[in-house]
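# Sequence and predicted structure below; questions after.
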Amino acid sequence: MSYHPSIALIGECMIELRETHRGGLTRSYGGDVLNTSIYLSRLMGEDAKVRFTTLLGEDPFSAEMAVAWEREGIDCDTVGRVTERNVGLYFIRTDKTGERTFHYWRGQSAAREIMDSDWTSLRAQAMGSDWIYLSGITLAILDDTGRKRLLSELAIARERGAHIAFDGNFRSALWTNPLAATTWHEQTWNLCSLALTGVEDEAAVFGDATPEASLDRLRDHGIAEIVIKRGQQSILMHADDKNQSIKVMPVGNVVDTTAAGDAFNAGYLAARLKDHSSADSARIGAALAAEVIQHTGAVIPNVHMPTLF
């Protein structure tokens, strides 16, 4: 690696409640951007500074989260604390095939205030990073004023030379108006140098009939590198001025698909930062995702992390 990059990942962490097979509940924490942050920190180690940029409350759960992130090697200098706010909560039901249903309670989530003027200096530190990563959920939890401010600050960071990576992760329950999701996703794609998105998300937000249609539309935004995840089907990509299709090895023992896409994104970005080709980076991302879906929960124990580099 020719340099020691800094990566700021902007998002939300929530308390996760999960129904067990015996009808009980387990408690952990998660969030799409946080999941990517943890896996990216594990993969990069001392080779990069991985910053999670969010707001927490003053509650015991928030304190527990911050301690856990620091143990994962995540830089928490861009984590703020909000009085009279808590972290959000979500409940996951997982069916026999490993597919999930989400239910959210995030009205008092501290992270919804991340774009308020009180946190300008915190965001400035994040926006000074070499890479800035966000997702469709990052957009969804903000109001229109916050989204405008976020895109404005991303545009300034891009002019400075920062790379913007976006996962078009879409949760319909977080958007009161589907057309608003389309508008804000489209504006975000205009700023990106790396697209890490899912075929179902692009179809839901833009009505694309095929993955190839999504690829063509994203290319029209001028995005240099595009990766479209398709579950256990081949990965569709545009990189190095050409379209590619990367085969994914099937996984027989699918336990839980939570965070598969988040893990893929971490593996892909880590590999690119370590100077691997785009095709090899897709295979590395897929290998990490394949391991993750064979375990319960968004973040697998470190002992189960595959050797990828």
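Looks like it arrived, so ask away.

# Quick check, pLDDT for residue 98.
Note for residue 98: predicted pLDDT of 66.

# and residue 43, how far is that from residue 306?
Residue 43 sits 10 Å away from residue 306, going by C-beta to C-beta, to the nearest Å. Where C-beta positions appear, they are placed from N, C-alpha and C, glycine not excepted.

# Which of the two has more residues huddled nearby?
Using other C-beta atoms under 10 Å as the criterion, residue 43 and residue 306 rank with residue 43 on top: 23 against 12.

# quick check: longest helix of this structure.
Criterion DSSP state H: the longest helix present in the chain is helix 144-160.

# who touches both of residue 43 and residue 306?
residue 288 (C-beta atoms under 8 Å, 6 or more residues apart in numbering).

# So residue 138 sits against residue 13, correct?
No: the criterion here is C-beta atoms under 8 Å, and residue 138 misses it with residue 13 at 12.0 Å.

# and the closest residue to residue 114 other than its chain neighbours, what are its bridge partners?
Counting by C-beta to C-beta, 6 or more residues apart in numbering, residue 114 lies nearest to residue 55, which is 5.2 Å off, once chain neighbours are set aside. Note on residue 55: beta-bridge partners residue 80, judged by DSSP bridges.

# Distance-wise, check residue 55 relative to residue 296.
From residue 55 across to residue 296, the span is 28 Å (C-beta to C-beta).

# so residue 259 makes contact with residue 292?
Yes: judged on C-beta under 8 Å, residue 259 makes contact with residue 292 at a distance of 5.8 Å.

# just the helices in this structure please.
So, for the chain - with DSSP H - the helices run 32-44, 60-71, 120-127, 136-140, 144-160, 178-189, 199-206, 211-220, 260-273, 278-292.

# Next, format those as CSV and append distance to residue 100 and mean pLDDT.
Formatted as CSV, the helices of the chain follow (distance: least, C-beta to C-beta, whole Å; pLDDT from 0 to 100):
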stretch, distance to residue 100, mean pLDDT
helix 32-44, 12, 98
helix 60-71, 21, 95
helix 120-127, 29, 97
helix 136-140, 15, 97
helix 144-160, 26, 98
helix 178-189, 20, 97
helix 199-206, 13, 97
helix 211-220, 22, 97
helix 260-273, 10, 98
helix 278-292, 13, 97
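
# Quick check: which of those helices is nearest to residue 105?
For the helices of the chain, the distance to residue 105 is smallest for helix 60-71, at 13.1 Å, taking C-beta to C-beta.

# got the angle between the closest one and helix 32-44?
Angle of helix 60-71 versus helix 32-44, following axes from the mean of the first three to the mean of the last three C-alpha atoms, to 10 degrees, is 30 degrees.

# okay, residue 55 and residue 296: which has more neighbours?
The residue with more neighbours, out of residue 55 and residue 296, is residue 55; 25 against 16, by other C-beta under 10 Å.

# and the more buried one, what does it touch?
79-82, 85, 110-111, 113-114, 119 are the contacts of residue 55 under C-beta under 8 Å, 6+ apart.

# what about 7 Å?
Applying C-beta atoms under 7 Å, 6 or more residues apart in numbering to residue 55 gives the contacts 80, 82, 110-111, 113-114.

# Go through those and name the one nearest residue 285.
residue 111 (25.5 Å).

# how many neighbours does the residue lying closest to that closest one once chain neighbours are set aside have?
Sequence neighbours aside, residue 12 is the residue nearest to residue 111 in space, at 3.8 Å (criterion: C-beta to C-beta, 6+ apart). The local packing of residue 12 (other C-beta under 10 Å) involves 26 other residues.
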